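> everything below, folded, please.
(2 chains)
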There are 2 protein chains.
Amino acid sequence: MKFTLPSLLLILLCAPPARHFAQAADPLMGFTEAASAQQRALEATLDATVKPANLDEWMKYMTARPHHVGSPYDKKVVDFMAEKFRSWGYRVDVERFDVLFPTPKLRKLELIAPTRYVAMLQEPPVEGDPATAQTDEALPPYNAFSIDGDVRAELVFVNYGVPADYEELEKRGIDVRGKIVIAKYQGSWRGIKPKVAAEKGAIGCILYSDPKDDGYYQGETYPEGAFKNEYGVQRGAVMDLPSQPGDPLTPGYGATEDAERLDREDAPGLTEIPVLPISYHDAQPLLEALGGPVAPTGWRGALPITYRIGPGPAEVHLQLEFNWELAPAYDVIATLEGSEFPDEWVIRGNHHDAWVHGANDPISGMVAVMEEARAVSELVRQGWRPKRTIKYAAWGAEEPGLLGSTEWVETHAAELTEKAVAYINTDATGRGFLNAGGSHTLEKFFGEITTDVVDPQTGVTVFARAAAESEVNDGKRPKHFQLSALGSGSDYSPFFQHLGIASFNMGFGGESNGGEYHTMYDSYDHYKRFKDPDFSYGAALVKVAGRTTLRLANADVLPFEFTRFSTTIEGYVGEVIKLSETLREQTARENRLIREGAYRLAADPTQPFVAPAVKEEVPYLNFAPVQNGLRRVQELADRYDPAAAPTLSPSRREQLNRLFIDLERQLTREEGLPRRPWFVHHIYAPGYYTGYGVKTLPGVREAIEQRDFTEAQEQIDKLGEVLRAYAEQMERVTQLATAR
Amino acid sequence: MKFTLPSLLLILLCAPPARHFAQAADPLMGFTEAASAQQRALEATLDATVKPANLDEWMKYMTARPHHVGSPYDKKVVDFMAEKFRSWGYRVDVERFDVLFPTPKLRKLELIAPTRYVAMLQEPPVEGDPATAQTDEALPPYNAFSIDGDVRAELVFVNYGVPADYEELEKRGIDVRGKIVIAKYQGSWRGIKPKVAAEKGAIGCILYSDPKDDGYYQGETYPEGAFKNEYGVQRGAVMDLPSQPGDPLTPGYGATEDAERLDREDAPGLTEIPVLPISYHDAQPLLEALGGPVAPTGWRGALPITYRIGPGPAEVHLQLEFNWELAPAYDVIATLEGSEFPDEWVIRGNHHDAWVHGANDPISGMVAVMEEARAVSELVRQGWRPKRTIKYAAWGAEEPGLLGSTEWVETHAAELTEKAVAYINTDATGRGFLNAGGSHTLEKFFGEITTDVVDPQTGVTVFARAAAESEVNDGKRPKHFQLSALGSGSDYSPFFQHLGIASFNMGFGGESNGGEYHTMYDSYDHYKRFKDPDFSYGAALVKVAGRTTLRLANADVLPFEFTRFSTTIEGYVGEVIKLSETLREQTARENRLIREGAYRLAADPTQPFVAPAVKEEVPYLNFAPVQNGLRRVQELADRYDPAAAPTLSPSRREQLNRLFIDLERQLTREEGLPRRPWFVHHIYAPGYYTGYGVKTLPGVREAIEQRDFTEAQEQIDKLGEVLRAYAEQMERVTQLATAR
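Sure thing, here's the model as predicted:
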């Protein structure tokens, strides 16, 4: 059956409005009333077109064999997708970048004292899941961009291996210089752990997944349940992602065929020390062999042992060699040209490369992109065309460090800066509650979508469900859907933080937890049993992301506005001011306790204990530049009325759209953040010591956290400038929208 | 060498005052300046007399064999102590009470489905500790005052088995009616667990010690370390202690030879269902066999399993039979008659019966009492006599439910009410920080002592060390030593909460944790290795408790005062008002969430979930009676000046002392607390659903917690009366002290 648009519109307008849903009569942000009605009808068709069975079928095909970067099956997946997009009528470009992609040549880990144990470093097949037996094509467990190394030393357990953990070690007089550290996964992005370990003087780093975090402590293990069995190992990149993602041999520019490449020795971002991930089966003998003090409560996992810190008597030998070769990263770009503004691009992407089969990560999100593209192609077949150009992207080589997207962004930087309206990202997705992060100038716009899409399990809107979860579990009663701030960990990072393009990242989760992440066990069977068995949430994601794409592509005026941004930034500014105050009080208190000898008196004299050293007192910082910038933003925030804008003259609307395309970029500065010039966004960045985890107002916040108060003041001044420049753009928008 | 008092005084006065210590010139509370100097000299002699080696020698003897209630060696221990006290010149009475003391006849626990496992229920000997091989005389693991029973049913894991845990079960639609529950030790006093389980309809109860709480998760296990090995089982009473301790056959009166005894069937306080404690070795197969939902995070322990709730498929068979016999509880009372006020008694006690060898519990405290008595006898030999009578007590049958002390208190209630100035209790003690609870009218008095005794490890005062610990770990900077409120769990309970006699309970700890409590492994060897190897803290306890005894016995005016009491009660009143407000807000919020369906929307629809029922809204209570009572107490609090009192005329002082002896009793009411008339104190009581854990202002607080708002208002009115009556006594004190 084929609906034409007018007939669909009729059906929609005659249907009684569903309770709790936005009224069909409310115009959508960025649309005139008439255009809103058309847009809603279009979305109704989209919804009716989405077929969960497609997601299932494609996931089954695309996860049939391991398909990491450079593997034969990754090329098959690329060809499959390109062929699909072409069959749906898209113009398809497959762009190839040749990127550094190390794979293991030799992996050896053994306990050499006081007893001997040779780590198996393998994930055996499990019964009932044939994919887990495909070991010939699979990459064994390793950390990409670990350097080669051959080290022997005493072992030290460092908890999650973040800076705070080393402070605990210092209190106990434990130094990791010349030692090999073993750190639990989680608590930070994995690449932070060897980075901090090397800064502290360790010569090797072992990562393992404690059963407390995603093994039997959380639930039954695979194949009985979704969690990590004793052999599961999380693979993953350990490059210095918060400094710069992408190909280390072509930093800041595209890794095209004829690009100039650095020698590997000069390439930034590789680890300083060898790093290897292991299972808890392999970790237990090592941890059990440790002596020294019992680990603090928060450090202890769920293995049936007394967690001790060491150093020694456990000694380990870690030997790693890699094939340091280039591999092809294929980006599939499917384009649907815009009818009115072909040079305004809405980009919707997900990566396709996996560590092994990657059913959840990344294929669950990738098939949602494909189904969205297919559904949109159906609209096109029915005679519709977007006003703006839509580009669907399937990125390669995300897993080793966002290489495919970063190289593409770096290659097309000038054109993207000119044309990109927004980038909409997904990655692994599951069952449960909608999570989304992004530019707060688009929060209100996105909020409308969250009250238009229905949760598959409960029949209320996805906003209502997320709000209930927030209220029951966090005690917060959100009035509207709130976007989280974006850090890193998926392909939005180059768009958002390197070019200042407004971005989203979204997915469902919370009811599909497991321990399969980056293991051999992230398979189709695992996904079907434990994530989103009927792909109803995959379909819901198509509806949410599809609306985001289509509304941005069709809006009369791009649906940006300022009040949510203003409120959000006000919150962040409050946080950093509070942070400096708290740090000042804490430092004063700790220094007093040190001088009074309280730490010594509170410590057990029979245990090793080193009282912390007195720290520099925290000066009062001049936050006025930021506060004045913020005040200007606040003053202007509600002068622009997004509801009135769609009725402006076409030329005014075009000028407004141009200002909005440049809006997010006002929050960037060419010189970037201290010590990481690639990251130019001054509101959102991945934390230098958290990795994926976001730091908002990163220049200011991290300088305070790192106790560099001179830099903190410099960054406050800079952030003040950023906010003032942003306010000037706000003023241009307001003037244009209100001028007579 | 023998010091005479004047020569000692000379030495003391010539010595430069130690830094951080109270100046020798400051008069002690309750003493004139001259008497203070004498008292300090006396205490210096006491300190010089204390010999840690005595504690060691006596502990070794008294723990040489198991000495539970009714055992041959318990009688030997009693005779040994009586002989010691006599040899030091005390008048010694050994009072015998014949109390119900069940011992195991048959203990059987087996998993009967889906697999079979027969629990071993034994604690094997460990290498290097011969005491642990004395199984012939030892009581095997059991819970005293469990009823006989023979039950088979599906198993349910109920976390700590407290009321809040059953709320979690209800949310998951899990009912324990007709089931056998398995609960972890800790989280409440053990007797609460079967009490709540029976209230909820369970037919049997298994208790086990999870390794997370005091096993390998905390540190190395015995004999390598101090914590509980896989076979260790905590024995213990499960009678309804918060309703009434003591012999169940003679409730409220002494279990003397010819006392009328109830039939066992009519005796209060026995459990409703059979209860058995087991080791984690025995618990693991049972827990592993459970299905059903994964337990909430806070419920999970450190066994290498996925903790599930059940019910079933695990089914267990629990069969218990006991010898329901009378056993002798021997109280050894050693008396040193006062020279001026023989009818004013200061009582200092500790129990002597153990579950097995009981090196830590109770002998570590018992030997401190003995050494104090010996040291005091040395003072007597040098010609000194206390003004008031001192009684050293070694209680029998504490372990099964404070039987020895309770029967003694009930037997001598009239005389004690007339004569007892205060009761000073100790029990197990170890290494680290001074902990003390007690009557807040004596907090200031006790605070002076804590700045006069030196911490053995650091050389600062025991207050300075406890304060440093509090500041570093809790962020609280105490200006002075704070007494905690007393709940139950040791022999102060009958004195304090049944007769309203001002009381203390004290000991050292925090650096001597272990898992030996009530197991076969609480041995002399364990104590020497892991608690207080050189008995320096035992000696410090002699100095602290000894000063408490001697100052109370010698004071010119008993060192009570009101300001600390007033501040403390103000805090409690604030807490219960806040409790009612928080409960009101919580209830309103929860009811709103229920009505809005938020709990249902936040829950995973694929998991069993029962939304909580709407609760009665919390009415506004009239706290004015308590607030007005408190205001009167506050008005009067600083009108009495304890520093001026010692200079009053002898007859005034005698009258004042009489008022002070009756002071704590003003906080009691003959009719007692709701549903537990034995407990007559209206400020401090053990929690009806926490057991040992204190509930202050118990009538009001527990009525609010139990949502009985009619009773809450009644108890507020009653507490108002109590405070007004107390204020009248304060007024009598003030008038007497200030009248011209």
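
> now do the same contact list for residue A:567.
Residue A:567 makes contact with residue A:637 under the criterion Cβ atoms under 8 Å, 6 or more residues apart in numbering or on different chains. The C-beta positions use only the backbone N, C-alpha and C, and glycine is treated the same way.

> try 10 Å this time
Residues in contact with residue A:567 (Cβ atoms under 10 Å, 6 or more residues apart in numbering or on different chains) are A:440, A:443, A:634, A:637.

> check what pLDDT it gets.
Note for residue A:567: predicted pLDDT of 98.

> ok, the one 4 residues further on next?
Confidence per residue is given as pLDDT, and for residue A:571 that number is 98.

> cool, the one 5 residues further on as well?
In the predicted model, residue A:576 carries a pLDDT score of 98.

> surely it is in contact with residue A:570?
No: proximity of residue A:576 to residue A:570 does not meet the contact threshold set by Cβ atoms under 10 Å, at 11.4 Å.

> compare those two (neighbour count), which wins?
Each of residue A:576 and residue A:570 has its neighbours counted (other Cβ atoms under 10 Å in any protein chain shown); residue A:576 has more, 26 against 16.

> confirm that the more buried one sits in a helix.
Yes: secondary structure of residue A:576 (DSSP: H, G, I helix; E, B strand; the rest coil): part of a helix.

> that one and residue A:615, how far apart?
19 Å (Cβ to Cβ, to the nearest Å).

> buried residues in stretch A:702-710?
Within stretch A:702-710, the residues that qualify as buried are A:702-705, A:709, counting by 16 or more other Cβ atoms under 10 Å in any protein chain shown.

> and which of those is nearest residue B:327?
residue A:705 (64.2 Å; Cβ to Cβ).

> quick one: the closest residue to that closest one other than its chain neighbours from chain B, how far?
Closest residue to residue A:705 apart from its sequence neighbours, by Cβ to Cβ, 6 or more residues apart in numbering or on different chains: residue A:579 at 7.3 Å. Distance from residue A:579 to chain B, counting by Cβ to the nearest Cβ, to the nearest Å: 18 Å.

> likewise for residue A:433?
8 Å.

> how about residue A:72?
When distance is defined by Cβ to the nearest Cβ, residue A:72 is 38 Å away from chain B.

> for that residue, what are its contacts?
By Cβ under 10 Å, 6+ apart, residue A:72 lies in contact with A:65-66, A:137.

> what's the helix or strand for the residue lying closest to residue A:478 once chain neighbours are set aside?
Ranked by Cβ to Cβ, 6+ apart and with sequence neighbours excluded, the top spatial neighbour of residue A:478 is residue A:467, at 5.1 Å. In the assignment (DSSP states H and E), residue A:467 maps to helix A:462-474.

> pretty sure residue A:585 belongs to a helix, no?
Yes: assessed with three-state DSSP, residue A:585 lies in a helix.

> if I look at it, how far off is chain B?
11 Å.

> what's the answer for residue A:333, then?
Distance of residue A:333 to chain B, computed by Cβ to the nearest Cβ: 38 Å.

> and that residue, what element?
Per DSSP H and E: strand A:315-336 holds residue A:333.

> buried ones in that strand, by neighbour count?
For strand A:315-336, by 16+ other Cβ under 10 Å, it's A:315-322, A:324, A:327-336.

> re earlier: mind giving me the packing neighbours of the helix holding residue A:467?
Helices and strands touching helix A:462-474, by 3 or more Cβ pairs under 10 Å, 6 or more residues apart in numbering or on different chains; DSSP states H and E, are strand A:432-438, helix A:443-450, strand A:503-510, helix A:536-554, helix B:563-596, helix B:598-602.
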